[in-house]
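Asker: I'll drop the sequence and a predicted model, then ask my questions.
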Amino acid sequence: MPKKNKTLGEFIIENQSSFQYSSGELSKLINAIRLAAKVVNHEVNKAGLVDILGAAGDTNIQGEDQQKLDVMANDKFIQTLKNREIVCGIASEEEDDFISINSSDDRNQNKYVVLIDPLDGSSNIDVNVSVGTIFSIYRRITPVGSPVEMKDFLQKGSEQVAAGYVVYGTSTMLVYSTGAGVNGFTLNPALGTFYLSHPNMEFPEDGKIYSVNEGNYVHFLQGVKDYIKYCQKEEGDRPYTSRYIGSLVSDFHRNMIKGGIYMYPKSSIAENGKLRLLYECNPMAYLAEQANGVATDGFRRILDIEPTELHQRVPFFCGSKNMVNKLHEFMAKNA
Ligand code: P6P
C-alpha cells in the first residue's frame with residue numbers, strides 16, 4: 001500500500017518503472033494534466049465571482065472576454081498538453097474534430113493521444129455543485145512521426161494506457177490509473193501540491209446507493225424500470241438510497257468510496273443514452289475495472305465496444321460488481 005501524503009510527483013517517479021511503457025513520457029503527460037487541473041481549479045473556484053466582478057460588461061476581472069468555463073477548461077488542457085510536446089493528437093467534447101499536434105521538430109516522436117471531457121457537468125457551476133474533468137490516454141496506432149489519424153482515437157477502451165478524472169468538489173482531487181490500480185490525490189490549495197490521500201481505491205462489491213435521473217423513468221426500458229423498483233422495495237437490505245448529483249465524476253467518486261451504481265440508460269428520448277463513449281464512458285469504465293468494479297452498456301463490457309464515431313453515445317451502467325450484475329439480471333429478463 002503506497003504511503004499516504006506522498007506527493008503526486010513522488011508517486012509518478014516511484015511508479016514510472018512499473019509502467020509497461022515506462023519511457024517517462026507518460027509521467028510527463030500525467031504531470032501536464034496535473035498542471036492544467038490546478039489552473040482550471042483556480043478558475044472554477046472563482047466562477048461565481050466572475051459574474052459579480054464582471055458585471056460591468058461581458059469582461060471578467062482580468063479584462064478578458066468572459067469565457068464559458070468549459071471552453072476555458074478546454075483551452076487550458078489543450079494548451080498545456082501542446083506545450084509539453086508529449087501528445088500527437090487530442091480529442092475533446094468541445095472540439096468537433098480531433099486536433100493533430102505537430103511537435104516543434106518535424107520528427108514528431110510523440111506517441112500518445114489524449115481524449116478529454118474538459119469540464120463535465122458544467123451546468124452545475126451556476127449552482128455551485130461539483131464538476132469534473134475526465135481524460136483517457138492511448139498509444140497511437142499509426143507510425144510515430146506520421147500525421148495522427150482518426151483510427152488513433154477510435155480505439156477500444158481496453159487499449160487505454162491510462163485514464164482518470166479531476167473532481168472540483170469540496171476539495172479538488174486527481175484520481176487516475178495506469179493499469180496498476182486506482183489512486184486518489186487531494187490538492188492542498190495553499191501549496192498547489194497534490195498529496196496521495198486515497199491509495200488503492202476500490203468499489204465495495206456491494207452498495208446501497210443507486211444514481212440515476214428518475215425524471216426519465218417513464219422513458220426507460222422495462223429492465224431498468226424493474227431494477228429501480230427493486231432498489232426501492234422494502235426487502236432485505238433495501239430500500240437503497242437514491243443519490244444523483246448530475247455530475248458523472250462526483251456520482252462515480254462517491255459510489256467508488258461508499259459502494260453504489262451509476263446509470264445513464266438509453267431511453268425513448270435518448271436512443272443511445274447521453275454519455276459519450278470515448279471521453280466519458282471508456283475512462284470511467286477503465287477506472288471502474290481497475291477498482292474492482294464493473295461497467296457495461298447493460299449487456300456488453302464498455303471496454304470491449306468498438307468505437308465508430310468520435311462523439312458517439314452509449315448507455316452506461318457502472319459501479320459495485322454485485323449491483324451491476326443484479327441490473328444485468330433484470331435487463332436479461334426483458335431483453
Ligand atoms: P441529466 C453532465 O452533463 C453529464 O454528462 C454527467 O456528468 C451527468 O451524470 C449527466 O450528464 C446528467 O444528465 O440528463 O441527468 O441532467
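Answerer: On my side now, so go ahead. Model, not experiment: these values are computed from the prediction.
Asker: The residue nearest to the spatial centre of the chain: which element?
Answerer: Geometric centre of the chain, nearest residue: I134, 2.9 Å, by C-alpha atoms, centre = their mean. I134 is located in strand 131-139, with elements delineated by DSSP states H and E.
Asker: continuing past that strand, what's the next helix or strand?
Answerer: Criterion used, DSSP H and E; the element after strand 131-139 is strand 162-168.
Asker: Report whether that next one contacts the ligand.
Answerer: No - using C-beta under 6 Å from any ligand atom, strand 162-168 stays clear of the ligand, with a minimum separation of 10.4 Å. From N, CA and C alone the C-beta is placed, and that goes for glycine too.
Asker: the inter-axis angle of the helix or strand just after that strand versus strand 131-139?
Answerer: For strand 162-168, the succeeding helix or strand toward the C-terminus, using DSSP H and E, is strand 172-177. Per axes from the mean of the first three to the mean of the last three C-alpha atoms, to 10 degrees, the angle that strand 172-177 makes with strand 131-139 is 30 degrees.
Asker: And for strand 172-177, what's in contact with it?
Answerer: 8, 30, 33-34, 37, 41, 135, 162-167, 182-187, 189, 194, 197-198, 201, 253, 286-287, 290-291 (C-beta atoms under 8 Å, 6 or more residues apart in numbering).
Asker: so of those residues, which ones are in helices?
Answerer: Judged by DSSP state H, helices contain the following of the contacts of strand 172-177: 8, 30, 33-34, 37, 41, 253, 286-287, 290.
Asker: which one of these sits closest to the ligand?
Answerer: H253 (11.5 Å; C-beta to the nearest ligand atom).
Asker: check contacts around that closest one.
Answerer: 165, 167, 169, 173, 175.
Asker: Report the spatially closest residue to the last one, excluding sequence-adjacent ones.
Answerer: This means V175. Excluding its sequence neighbours, the residue lying closest to V175 (C-beta to C-beta, 6 or more residues apart in numbering) is G184, at 4.4 Å.
Asker: ok, the one you found - how many residues close by?
Answerer: 22 (other C-beta atoms under 10 Å).
Asker: Could you give the bridge partners of it?
Answerer: V175, H198 (DSSP bridges).
Asker: Can you give me the distance of it to I101?
Answerer: Using C-beta to C-beta, to the nearest Å, G184 is found at 29 Å from I101.
Asker: residue in the stretch 1-150 of the chain nearest to the ligand?
Answerer: Closest point on the stretch 1-150 of the chain to the ligand, by C-beta to the nearest ligand atom, is G121, at 4.1 Å.
Asker: For that residue, which residues are in contact?
Answerer: Contact partners of G121, counting by C-beta under 8 Å, 6+ apart, are 129-132, 245-250.
Asker: again, 7 Å this time
Answerer: Contact analysis of G121 by C-beta atoms under 7 Å, 6 or more residues apart in numbering lists 131-132, 246-249.
Asker: do I101 as well
Answerer: So I101 contacts 82, 87-90 (C-beta under 7 Å, 6+ apart).
Asker: Among those, name the ones in strands.
Answerer: Mapping these onto strands (DSSP state E) picks out 87-90.
Asker: Now compare those and name the two farthest from each other.
Answerer: Greatest spacing in these, by C-beta to C-beta: C88 and I90 (9.0 Å).
Asker: how about the residues of the stretch 1-150 of the chain near the ligand?
Answerer: Close to the ligand, as judged by C-beta under 6 Å from any ligand atom, the stretch 1-150 of the chain has residues 120-121.
Asker: doesn't P239 make contact with Q232?
Answerer: Yes - using C-beta atoms under 7 Å, Q232 is in contact with P239, at 5.0 Å.
Asker: pLDDT weak spots in the stretch 101-250 of the chain?
Answerer: 103-108 (pLDDT under 70).
Asker: Kindly recompute the last result at 80.
Answerer: Along the stretch 101-250 of the chain, the parts satisfying pLDDT under 80 run over 102-109, 123, 126.
Asker: how about the contacts of H253 in TSV, adding neighbour count and distance to F330?
Answerer: Output for the contacts of H253, formatted as TSV (neighbours: other C-beta atoms under 10 Å; distance: C-beta to C-beta, whole Å):
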residue	neighbour count	distance to F330
Y165	26	28
V167	26	30
G169	17	31
M173	22	33
V175	24	30
